[in-house]
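Undergrad: My questions concern the predicted model and sequence given below.
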Amino acid sequence: MSGGPQRSLSYGEYLSLTELLALQRDGDVSADEMHFIVVHQTFELWFKQVIRELAESRDVLDTESVAEEAIPMVVHRLGRVTEIFRLMSQQWSVMETLSPQDFLAFRDGLGSASGFESAQMRELEILIGLQDDHRNRGMDPLKRFIQMAETSEQGKVDLERLRSRMDEISLWDTARNWLGRTPIDGSTPDSTNDAEVVQSYVEAHIAALEQHGSEMAERMSEWGMGDSDAMKARFAAVAKGARDFLMPNGEVDRPRAGLLFIESHRDLPLLAWPRTLIDRMIELEESMVKWRHSHARMVERIIGRRIGTGGSSGVDYLDATTTYRVFTDLWAVRTILVKSELRPQIRDPEFYGFA
Ligand code: HEM
């Protein structure tokens, strides 16, 4: 309760239950349809909380130097968002108590209304940092909001809100800026020879990956898994992929180098919170993907391969959205890690609290 106790509020007053419980159209709809409304409203309430948690986490990270005690707080907030998505994934089973026939009884009454028009869902995607060019071609949510803004006041408000979110920095971009400040071999971006230190760290890592690749190619061809040259070419392609990732256009990408350093040295005490934050971000995105996937399975069960009320191909569209990834680098770095015996030695272990 904000502002301290001023007068005694009842439970119902505190939660505005009169207003909240007047919003399910009980008198006008069947129990099945009320259930449909309640499930959607519950999700939208969770979306609201998710947006708040993500925006505040983003704001904490969005400073030149993030206070050390701030990282555990962001870790905590993102952990909550993950739990909300996990809970929402379970919630589809309640929706699935609606049989295909029960749904058909009121589906036509929905017109073109669909979760595709959920402004909060779009807002949270934008806030996290989903890029428009990652989205499924041909289903452009913003286009739908522009259309809705032409015909309704609420549409105008929603479009305005989405546009102003687009003008803000996303959680992913702030996380990349933060990763870019990671001390690598004791060097920070404002150190005089930072560029050389980072470059030589990245080169040493790629060399380790190449060495491991050629050893693996030999071994796998001995095991009869393919011709030695073909195997070598495959592993060389992995090393080239690492180079392109760490040095796009020949220049070191410092956030990616910082991320590689954190993921490679998970044992360093000074990096304990940063790696926990990265773990939380991966868990968060994984929980969103699983949520999208379980929505698609629920939809397949209830409407099969019908066209969606929002006009998409339905299940195929929803399955395509499960391939979206926002924290792309966090996923990509996993492909290029090397085992600890091979990774480059740390130049300045004391810096990281490793005497
Ligand atoms: C009988 C239940 C449901 C069915 C059959 C269903 C079906 C669909 C379909 C077919 C789509 C694709 C867009 C379209 O063409 O309409 C969609 C999108 C969506 N639905 Fe559902 N849905 C159901 C329940 C829910 C619930 C309870 C929520 C919770 C808010 C929800 C949230 C969404 C969201 C956010 C999208 C947009 C996904 C995206 O574009 O990334 N749906 N739904």
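TA: Structure received.

Undergrad: A242 and the ligand: what is the separation?
TA: 32 Å (CB to the nearest ligand atom, to the nearest Å). Where you see a C-beta, it was placed from the backbone N, CA and C, and this is true even at glycine.

Undergrad: dump the residue contacts of the spatially closest residue to D194 that is not a sequence neighbour.
TA: Leaving aside its chain neighbours, D194 sits nearest to S187 (4.8 Å; criterion: CB to CB, 6 or more residues apart in numbering). S187 makes contact with 193-194, 197-198, according to CB atoms under 8 Å, 6 or more residues apart in numbering.

Undergrad: Tell me the buried residues within the residues you listed.
TA: Listed as buried from the contacts of S187 are 194, 197-198; burial here means 16 or more other CB atoms under 10 Å.

Undergrad: and which of those residues is nearest to D133?
TA: Nearest to D133 among those: V198, at 28.5 Å, using CB to CB.

Undergrad: In the stretch 101-250 of the chain, which residue sits nearest the ligand?
TA: G115 (2.0 Å; CB to the nearest ligand atom).

Undergrad: can you redo the contacts of S187 as CSV with distance to I302?
TA: Output for the contacts of S187, formatted as CSV (distance: CB to CB, whole Å):
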residue, distance to I302
N193, 61
D194, 55
V197, 56
V198, 52
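
Undergrad: Let's have these in JSON lines, adding pLDDT.
TA: Below are the contacts of S187 laid out as JSON lines (pLDDT from 0 to 100):
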{"residue": "N193", "pLDDT": "96"}
{"residue": "D194", "pLDDT": "97"}
{"residue": "V197", "pLDDT": "96"}
{"residue": "V198", "pLDDT": "97"}
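
Undergrad: Take those and keep only those in helices.
TA: The helices, defined by DSSP state H, take in 194, 197-198 from the contacts of S187.

Undergrad: which parts of stretch 58-77 are buried?
TA: Neighbour-count burial for stretch 58-77, with 16+ other CB under 10 Å as criterion, is recorded at 58, 60-62, 66, 71, 74-75, 77.

Undergrad: ok, for the residue in the stretch 251-355 of the chain that the ligand sits nearest to, nearest residue in space, not its chain neighbours?
TA: Residue nearest to the ligand within the stretch 251-355 of the chain (CB to the nearest ligand atom): G308, separated by 2.0 Å. Nearest-residue entry for G308: G314, 4.6 Å, with adjacent residues in sequence omitted and distances by CB to CB, 6+ apart.

Undergrad: same thing with F261?
TA: That would be I184: by CB to CB, 6+ apart, it lies 4.8 Å from F261.

Undergrad: Backbone dihedrals for the one you found, both of them.
TA: When quoted as degrees, to the nearest 10, the phi and psi of I184 stand at phi -110, psi 120.

Undergrad: show me what contacts it?
TA: 194, 197-198, 201, 257-258, 261.

Undergrad: so what's it scoring on pLDDT?
TA: For I184, the model assigns a pLDDT of 96.

Undergrad: The spatially most central residue of the chain is in what secondary structure piece?
TA: Nearest to the mean C-alpha position of the chain, counting by CA atoms, centre = their mean, stands E285 at 3.4 Å. Using DSSP states H and E, E285 sits within helix 272-303.

Undergrad: Helix or strand next in line after the helix or strand harbouring D316, which one?
TA: Following DSSP H and E, one finds D316 within helix 315-321. Counting by DSSP H and E, the next helix or strand C-terminal to helix 315-321 is helix 328-332.
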